[in-house]
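Undergrad: Predicted model, plus sequence, below.
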Amino acid sequence: MAAALLPVDDALALLLSGAAPLGSERVGIADSGGRVLASPVQALRTQPPFDASAMDGYALRARDVAAAPATLNVIGVAPAGKPFPGSVGPGQAVRIFTGAPVPDGADSVLIQENTRITSEGLVEVLEPVRMGANIRRRGLDFAEGEALLPAGRVIDATALALAAAANHAELDVVRRPLVAVLATGDELLAPGSVVGDGQIIASNTFGVALIARQAGARTLDLGIAPDDRDAISAAIDRALDVGADIIVTSGGASVGDHDLVRDVLASKGGDLDFWKIAMRPGKPLMAGTLAGRRIIGLPGNPVASLVCSHVFLKPLVAKLAGRTHSADIRTGVFGGPVAANDQRQDYMRARVVEADGQIVATPSAVQDSSMLRTLADAGALVIREPFAPAARTGDPCRLLMLR
Ligand SMILES: Nc1nc2c(c(=O)[nH]1)N[C@H]1C(S)=C(S)[C@@H](COP(=O)(O)OP(=O)(O)OC[C@H]3O[C@@H](n4cnc5c(N)ncnc54)[C@H](O)[C@@H]3O)O[C@H]1N2
Ligand code: MOO
């Protein structure tokens, strides 16, 4: 009897054990969007750094206009960036604009809509103003030294603007893992090639690399290696030389005479954590380490390579990149009957629609792992546990959402 295959969850746990965020690097604030903070961000300054006007109008003393209408002497102007140097005394006002420091002596800002210019240097105040109105107090937003953003926060638009406002020209971010991807196979040609007898176009690594990038990696395309030990070995050496954190191969993972990836890794001193798992598609998946780098050997079948990338590569990249990853797993119902499952956990491509508040998932009739188009059409993968019994239309199912 064939050896029992490693369950998917156990394989994933093995792959992720010991994976931790990579070190940090400093990047310019303008380049930090989308990265993950490696250290917390503190305010390097106080914002606003002075009591500031929130409106265009007049800075004055509230008590002077308590019995409005009242006329005040306009003794100067305070635009943003140019503080008024004097002080506002009884019966006086300073023309002020949004963002300008409130001059000494003034305790309130009256919006200009509630005033009338009567003559040069005089303003008629039509309504009283609440004490302190329209003034943003110093430090309203944050004060120097305050913690603003925690380590681990993804730098979204607001975090980026806040860090800039706090006067950070550079930020400490988690290094993005470099994922090098290699296609293997004598039959493979780059897209755009003239295709000869027995040849096909290599597609896997494009999708695999995009999945890695979307999880937070940088990627390097190592191209296509023929089914030749030296060629595969040379490509892996290149990945080691450029400092790849994860080396991903596609193809050559199975048991055929031309499936060489495992041999090459072994000959280079690599250690396999697992090979062959209870998954469909994806049975020949392998993972291990080589010279301190992580290796993932994806099966060549296009759907297997992409499904394994979603299930294994994505969380590994996310972990090294310091991101929290949780697969989008939902409960739905079957839109058609499915047969009982065997010992491999199945990831069935399914079209999904919403009906009566439920996700209805209808697996494609043919699930051959060469069929990319059915994966592109699938909104989700139905996850079928090993030995799950046959299911009928309307029975609940577990979905890994793809879109
Ligand atoms: N005797 C057995 N044969 C196979 C088994 C098995 O257990 N015993 N497992 C099957 C399963 S499951 C899979 S999955 C495949 C995976 O095998 P490999 O990883 O060795 O993949 P290849 O043989 O190199 O290629 C399989 C298939 O995919 C095409 N391919 C490969 N690379 C690409 C690429 N970059 N882009 C597009 N298509 C690619 C290749 O031409 C083949 O058609 O093994 C089964 N066999
Ligand atoms: O994993 Mo192979 O594609 O699982 O069929």
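TA: The structure has been received and is ready for your questions. Ligands and ions are numbered 1, 2, ... in the order given.

Undergrad: And the pLDDT at Cys397?
TA: Per-residue pLDDT puts Cys397 at 98.

Undergrad: My error: substitute Ala4 in the last question.
TA: For Ala4, pLDDT reads 84.

Undergrad: now do Met1
TA: Listed pLDDT for Met1 reads 50.

Undergrad: Hmm, Pro69 and Pro128 touching each other?
TA: No - using C-beta atoms under 8 Å, Pro128 is not in contact with Pro69; the gap is 9.5 Å. Using the backbone N, CA and C atoms, a C-beta is placed for each residue, glycine as well.

Undergrad: from memory Asp245 sits against Arg294, does it?
TA: Yes - if you go by C-beta under 8 Å, Asp245 and Arg294 touch, sitting 6.7 Å apart.

Undergrad: the more surrounded of Pro128 and Pro69?
TA: Neighbour count, other C-beta atoms under 10 Å: between Pro128 and Pro69, Pro128 has more, with 19 against 12.

Undergrad: Give me every residue in the chain lying close to ligand 1.
TA: By the rule C-beta under 6 Å from any ligand atom, the part of the chain lying against ligand 1 is 183, 185, 187-188, 200, 202-205, 250-256, 259, 281, 283-284, 299-302, 304, 369.

Undergrad: Quick one: buried ones out of the residues you listed?
TA: Buried subset of the residues of the chain next to ligand 1 (neighbour count, 16 or more other C-beta atoms under 10 Å): 183, 185, 187-188, 202-205, 250-254, 259, 281, 283-284, 299-302, 304, 369.

Undergrad: Can you pull the residues of this protein lying near ligand 2?
TA: For the chain, the residues in contact with ligand 2 (C-beta under 6 Å from any ligand atom) are Arg280, Pro281, Gly282, Lys283, Pro299, Asn301, Ala304, Ser369.

Undergrad: now those as a markdown table including distance to Ala239, secondary structure and pLDDT?
TA: Formatted as a markdown table, the residues of the chain next to ligand 2 follow (distance: C-beta to C-beta, whole Å; DSSP: H, G, I helix; E, B strand; the rest coil; pLDDT from 0 to 100):
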| residue | distance to Ala239 | secondary structure | pLDDT |
| --- | --- | --- | --- |
| Arg280 | 29 | strand | 98 |
| Pro281 | 25 | coil | 98 |
| Gly282 | 22 | coil | 98 |
| Lys283 | 25 | coil | 97 |
| Pro299 | 19 | coil | 98 |
| Asn301 | 23 | coil | 98 |
| Ala304 | 21 | helix | 98 |
| Ser369 | 26 | coil | 98 |
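
Undergrad: And these, which is closest to Thr158?
TA: Among the residues of the chain next to ligand 2, Gly282 lies closest to Thr158 (C-beta to C-beta), at 38.7 Å.

Undergrad: any idea how far the closest one is from Ala390?
TA: Separation of Gly282 from Ala390 (C-beta to C-beta, to the nearest Å) stands at 23 Å.
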